[in-house]
Every structure is written in structure tokens, then in C-alpha cells.
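Asks: Sequence and predicted structure below; questions after.
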Amino acid sequence: MSTLDSTLPTEPTFSDLALPAALQAAVDELGFTTPSPIQARAIPALLSGRDITGVAQTGTGKTAAFGIPLLAAVGTDADVTRGHVQALVLTPTRELAMQVADAIESFATHLPGLRVLSVYGGAPYVPQQRALRDGVHVVVGTPGRVMDHMERGSLSLDGVRFLVLDEADEMLRMGFAEDVEKIFGQAPARRQVALFSATMPPAIRTVAETHLTDPVEITVSRQSSTVTNIDQSYAIVPFRHKVGSLVRVLATSDADATIVFTRTRAAAEEVGAALVERGVSAATISGDVAQKERERIVERLRSGALDVLVATDVAARGLDVDRIGLVVNFDIPREAEAYVHRIGRTGRAGRTGRALSFVTPHERGKLKHIERTIRAELTEIEIPSPKDVSEHRARRMLDAVATRRETGRLELYRAMLAERTADAGTDEVLDLAAALLALAVGDDGPRQRAEQEEFERQRAEARGGRTRETHRAERGDRDGDRTPRHPRADRRGVRDHDERPARQGVRRPAAGTRYRLAVGHTHGVQPRGIVGALTNEGGLTGGDIGKIDIFGNFSLVDITTPLDAATMDRIARAHVAGKQLRIAVDQGAPERRTPRGERRPAHAG
Ligand code: ADP
Ligand code: MG
């Protein structure tokens, strides 16, 4: 272990680290004042020329910990005209490569002419090759694509002086061990290496022992990771009530954006589709989603066009979106490491975040295991009841009233109300206002009370523990069964007594415009696939989509919002069931319209 701690003041600032002026200026502009613990220890070690290993959880600021010293080594004498590659950062995923490259660029704003390039699979070679030929100083990439470029002769490591392995454990888990070895083999012997990993399993230790020279070993204890700004809670939720519970949690959450984690891809798809059906602005990313689509979804999450992302651990790896205020563990993860990674998606950039884990009555042991490992206790909370949801919506509605009054143009409604309340007492006026509020939040009356009673029953059941049904669901879970644990039947069971989709105001989908899509039964298309494409590619919400009729070779869908040319174009190029959608306004040819399969509204409106 390094002795650097003792040489540092107790509350170091970035100015204590004696960074080159250009980097200090960038750090100031980014609003970083105090280095995180890993930065306080890694930056001086790297600046002094040492190799390091850094073990730290997600969200602890590892990118700057290596990015700043990397630029100090490279940026000061970057030969801009010839610009050969002097630093190489390896990351496990394309998303991470892009994020790390972005971050390094943000530290390099005062190093004019310094060029950073990210290279990764799934993208065409030519633009990457052209950029490499034109001169790049820092390459950030996935091991596979870096190897490909080396083999094609478009990337030489001869001038590399600084080599970083980011998220090394993940890199090995993804099968990159061999590529990493080859890359080390081709890099010059005289080079500085920084290896970062969330964990230090034997395989990583071997890599460090083989390729690093007398490294300074830095471990940031769990307590000093940023987990302290995340409020961690759990709720006991029987398996078959998970979707309903999630909908109510989302309906009462004030978070800007939410990530929902599931254990399997299939579950992610199911939960995402269930949310969209209920009018939540949600999308799913799993390992299957094409990279381009994944980037688009992440970008929409970042920009606020999307509020809820459903993901598996692998798919959400490295996701860095400041708007995420809530992480829901729809399925509690098997390992404590995964738990820490997941909740690290919130509480980014100095913000506070919330993490809520659904724990089935029989998963209490798993919860205890996580609590022991992270050395923190999660607070038990109750899932919001249907009444809580109505109250939350009503409160928001009342908060919006003042603004709406100021906006004006209320004459029409005033006149109508004046007529109704001509001889009414205060009580009647209050009743009228209450009914309006109930309508506005989608509370239809007595049915709602039944929901509340059903909810109380569920809650009692959850407290009681084992029931036949939860037992059945649990057994599947423990067997590591990879089939979805919440197929449609389960969801239906929840829907019967659950909230209707959240609606702002009393919006009911109108008939809208009929569009024709070039996929049908013969291609094996499901309404879910169409809804997915329209929401993901088209940016529509469940509420924009009306009836979907699937025919042999095509489908018809009602869309209630107008689609601009760019949206039409995006949807047209989207693939569902292996076919491009080629969306077009339906011209009508009724004689062909005999659905060969079920007619199924995609949205219960
Ligand atoms: P990790 O790679 O350890 O998961 P990142 O490097 O992605 O963490 O940093 C997490 C977040 O914290 C980013 O949004 C980053 O901008 C921010 N951050 C990093 N270092 C600091 C700092 N010293 N002060 C304030 N914010 C920081
Ligand atoms: Mg990172």
C-alpha cells in the first residue's frame, strides 16, 4: 500500500495536486473542487511516473483519476502535426469508451490540438481508420476493436507511453483476456500503466503482476465511495405484485429519470412493455439491443425525452446520466457487487439519489447478505398504495393550479361553474371541486376503493410471508431459471386491481391517424415489437398509440400524435421481426383487411 496519504493534507483540493495549468483550468471549469479519495491518491502517484492499481466502486471518479495524469503525460508535448497515439485506454464496452473519451476531452479543453478518438466494434472501420491516419493522441476503445485496428495496420502502439485498463474485471468477464494480453505484448516496454477495477479477483491480480511495474496499490474503502449520497431502501413485494408496485412507485416518484434493473433480459423486455402499456414513458435496453439504438435510447434518457429505462446489469454498465434520481431493483441482484454498481447509476455528479430494492418474502437472506457486504443497512419502506398515488397526483395538480390561474383564459369554465353553483353552498362547491380533482387524477370512484382494500390485503400477505403463489415464483428464481418470472398471466393478475395508466389530465387517445407498417404475422411480429419500435425509434409514449391490427403481410396502427418527417423517417428505418417498418399513412383498401390473427389494442385506453 502506498504511503501517499501521509504526504497529503487532510482536505486536499485540486490545487494541492500541482496540476499543469491547462488541466487545473479545466478542472475548475468542470466545478471539481475536492478530489475524490481515489483521485487524491491516484493522481499524485501517476504524475510521479508510477504504475498503479485502483480498486474502487462505480461513481468514485476513476475517469479523472487516470484521465488527468494521462493528459499531463501526453498533452504537454503532443506533436499535433504528426500526432501519433501516445495513450491508450481500454474499456469493456462501447458506451464506456465513448463516455471516457468525452470525459477526457472535457479535461483537455485547454490543450488545443490534442485529439481523442474512441474506437469500438459495431461501427464502420473507415471513419475510425481515417481519424487514426489524420493523427490522434489518445485512443479510447474496446480491446476487440483496438486489436482489429492493430491487425489491419491502422493503429500502432509503438508510441504509447500511457496505458489504462478501465473496469478490468468487467473486461475479463466479457472475454477480452486474450486481447488484453496481446495489447500489452505490443505496447512498448517503457510505458506507464493504470489498472482500475471494481474488484480484484485472482485473474486481475495476475494481469497486474505480469504487466505492471511495482504498482502503487490504491483501494478506496466502500464507506468512502459515493454511496453515502444515495438513500437506500427496500420493500417486501411478493413476486406477482412487482409490476403493480413498480407502477405505483413510479407514479409517486419525483425523480427526473429512473432506471429499473431486472435479472434477465426477458424480464427487462416484459417489464418495459408492461410500463409502456400503462402509459409510462419507458424503454428497455438489454444486451440484445443494437448499439445505435442503445445510444439513441440513452440520449433520450439524458435529454428528458424518456423517463424510465429498464435494463439488465450488463446493458446498463457504465451508464452515466445525471438525471437519474431513482434506481429500482425490480429483482434484487445475486451479488453485492452488482448491487453497488446498480445503485451507482444514481447520485451522479454530486447529486443525491434514491435506490429502492424489491425483495420477495423469501429473499430476505439475500438482502442481509448485501447489507453485510456493503456494511450499510437498508431502510424498509412501504410500497405506495393506490390512495397514495391519487394523493400524489392530486397534490401535483393543486400545485399547478396557481400557475394555470395566472395564465388566464378561464372565462369559459368560470361561466359553466357559475351556472352550476348559482344556489350552491360551500359544501356543494367543495364537492364539485373534489369531483373535478378526482377526474383529473384518473380516480373513477368506488373501483378505487376496492383497489385500496386489495392493496391492504396484499400488504398483509407480504408481511405474513410464504403463500403458495410466492413459493412457486421463488422456487423458479432459486433454480436460476432464465425464463421470465413474470409472464403475462402474472401481470394480468396485478392489473386487475391496479391503477389505470397515469394520465396528465383526462387524456383519452382519440382515433388518430392510421398508419401502415410493412410487417405482419408472416414475419412473426407481435404488438409488443411494434410498440417498442414506435416508442424507442419514434419517441412516442404508450398513450400516443391506439389500436394495432396485425395482418398477414402488414399491420395497421392508430397514432394519435402528429408525426413529423424526421420521426416518420426514423420509424420507417426501424426493424421489427427482421423487417423494416416502412411506415406510411394508410391509404385504405378495405377488401384486404381481414386480420388473420387476433386484433389486439396495444394500449388499454
Ligand atoms: P467511476 O468511473 O468511478 O464510476 P466517474 O469517473 O464516471 O466514476 O465519475 C462519476 C461522476 O462524478 C461523474 O459525473 C464525474 O463528472 C463526477 N466527478 C468525478 N470527480 C469529481 C470531483 N472531484 N468533484 C465533483 N464531481 C466529480
Ligand atoms: Mg468509470
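Replies: In hand now; what should we look at? Since this is a predicted model, take the numbers as computed values, not measurements. Ligands and ions are numbered 1, 2, ... in the order given.
Asks: before we move on, which element is residue 259 in?
Replies: Assigning secondary structure by DSSP states H and E places residue 259 in strand 257-261.
Asks: Going by contacts, tell me the helices and strands next to the helix or strand just after that strand.
Replies: Downstream of strand 257-261, the first helix or strand assigned by DSSP H and E is helix 265-277. Packing partners of helix 265-277 (3 or more CB pairs under 8 Å, 6 or more residues apart in numbering; DSSP states H and E): helix 242-251, strand 282-285, strand 308-311, helix 527-536. Bear in mind the C-beta positions are built from the backbone N, C-alpha and C, glycine included.
Asks: ok, the residue in the stretch 351-500 of the chain that ligand 1 sits nearest to - contacts?
Replies: Per CB to the nearest ligand atom, residue 351 is where the stretch 351-500 of the chain lies closest to ligand 1, at 9.1 Å. Residues in contact with residue 351 (CB atoms under 8 Å, 6 or more residues apart in numbering) are 229, 322, 325.
Asks: so which of the residues you listed comes closest to ligand 1?
Replies: Nearest to ligand 1 among these, with distances taken as CB to the nearest ligand atom, is residue 322, at 6.5 Å.
Asks: May I have the predicted confidence score for the closest one?
Replies: Per-residue confidence (pLDDT) for residue 322: 81.
Asks: got the residues of this protein near ligand 1?
Replies: The chain comes close to ligand 1 at residues 32, 34-36, 39, 56, 58-64, 320, 348-350, as judged by CB under 6 Å from any ligand atom.
Asks: Show me those residues that map onto helices.
Replies: Secondary structure from DSSP state H places 39, 62, 63, 64 of these in helices.
Asks: Could you point out which of the contacts of residue 351 is nearest to residue 282?
Replies: Among these, residue 325 lies closest to residue 282 (CB to CB), at 15.2 Å.
Asks: from memory that closest one sits against residue 353, does it?
Replies: Yes: Residue 325 lies in contact with residue 353 (CB atoms under 8 Å); the separation is 5.8 Å.
Asks: In what element of secondary structure is the residue lying closest to residue 20 once chain neighbours are set aside found?
Replies: Nearest residue to residue 20 in three dimensions, chain neighbours excluded: residue 72, at 5.4 Å (CB to CB, 6 or more residues apart in numbering). Per DSSP H and E: residue 72 is located in helix 62-74.
Asks: elements contacting that helix?
Replies: Applying 3+ CB pairs under 8 Å, 6+ apart, we find helix 62-74 packed against helix 21-30, helix 37-47, strand 52-55, strand 87-90, helix 94-107, strand 138-141, strand 162-165, strand 192-197.
Asks: In JSON lines, list these along with mean pLDDT.
Replies: Formatted as JSON lines, the helices and strands packed on helix 62-74 follow (pLDDT from 0 to 100):
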{"stretch": "helix 21-30", "mean pLDDT": "92"}
{"stretch": "helix 37-47", "mean pLDDT": "94"}
{"stretch": "strand 52-55", "mean pLDDT": "95"}
{"stretch": "strand 87-90", "mean pLDDT": "98"}
{"stretch": "helix 94-107", "mean pLDDT": "92"}
{"stretch": "strand 138-141", "mean pLDDT": "97"}
{"stretch": "strand 162-165", "mean pLDDT": "97"}
{"stretch": "strand 192-197", "mean pLDDT": "96"}
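Asks: just so I know, which of these lies nearest residue 532?
Replies: Using CB to CB, these put helix 94-107 closest to residue 532, at 19.9 Å.
Asks: Flag every buried residue along that closest one.
Replies: Within helix 94-107, the residues scored as buried using 16 or more other CB atoms under 10 Å are 94-101, 103-107.
Asks: So what's the gap between stretch 105-114 and the chain middle?
Replies: Distance, stretch centre to chain centre, for stretch 105-114: 28 Å (CA atoms, centre = their mean, to the nearest Å).
Asks: Please identify the buried residues of it?
Replies: Buried residues in stretch 105-114, counted by 16+ other CB under 10 Å: 105, 106, 107, 108, 110, 111, 114.
Asks: Contacts only, for whatever residue of the stretch 101-250 of the chain ends up closest to ligand 1.
Replies: Shortest the stretch 101-250 of the chain-to-ligand 1 distance, computed as CB to the nearest ligand atom: residue-wise this is residue 103, at 6.5 Å. Applying CB under 8 Å, 6+ apart, one finds that residue 103 lies in contact with 63, 64, 67.
Asks: which residues does the second one contact?
Replies: Right, the one you point to is residue 64. Contacts for residue 64 (CB under 8 Å, 6+ apart) come out as 27, 32, 35, 36, 39, 43, 103, 107.
Asks: Can you read off the pLDDT for it?
Replies: We have a pLDDT of 95 for residue 64.
Asks: Kindly provide the distance from it to residue 365.
Replies: Distance, residue 64 to residue 365, using CB to CB, to the nearest Å: 38 Å.
Asks: how does the chain divide up, domain by domain?
Replies: As assigned by automatic domain parsing, the chain contains the domains 14-219, 230-384, 388-446, 487-604.
Asks: which stretch in those has the least confidence?
Replies: Minimum mean pLDDT among the domains of the chain: domain 487-604, a mean of 67.
Asks: Nearest residue to residue 32 in space, please, no chain neighbours.
Replies: Spatially, and ignoring its direct neighbours in sequence, residue 32 is nearest to residue 14 (6.2 Å; CB to CB, 6+ apart).
Asks: just checking, the one you found touches residue 36?
Replies: No: the criterion here is CB under 8 Å, and residue 14 misses it with residue 36 at 10.7 Å.
Asks: Now the residue nearest to residue 32. Its backbone dihedrals?
Replies: Dihedral pair for residue 14: phi -60, psi -30, per degrees, to the nearest 10.
Asks: Same question for the one 3 residues further on.
Replies: The phi/psi pair for residue 17 (degrees, to the nearest 10) reads phi -90, psi 0.
Asks: switch to numbering from 263
Replies: Sure, I'll start counting at 263 from here, so that last one is residue 279.
Asks: Settle this for me: it is touching residue 309, isn't it.
Replies: Yes: counting by CB under 8 Å, residue 279 touches residue 309, with 7.4 Å between them.
Asks: From the centre of the protein, give me the residue that's furthest out.
Replies: residue 685 (54.8 Å; CA atoms, centre = their mean).
Asks: May I ask which helix or strand encompasses that residue?
Replies: For residue 685, there is no host helix or strand (DSSP H and E).
Asks: nearest residue to residue 283 other than its sequence neighbours?
Replies: Computed as CB to CB, 6+ apart, the closest residue to residue 283 that is not its neighbour in sequence is residue 372, at 7.8 Å.
Asks: tell me the secondary structure for the one you found?
Replies: At residue 372 the chain is in coil, as set by DSSP: H, G, I helix; E, B strand; the rest coil.
Asks: residue contacts, it?
Replies: By CB under 8 Å, 6+ apart, the residues touching residue 372 are 283, 284, 285, 287, 288.
Asks: Among those residues, which one is most surrounded by other residues?
Replies: residue 285 (25 neighbours; other CB atoms under 10 Å).
Asks: who's in contact with it?
Replies: Under the criterion of CB under 8 Å, 6+ apart, the neighbours of residue 285 are 330, 333, 334, 337, 369, 372, 373.
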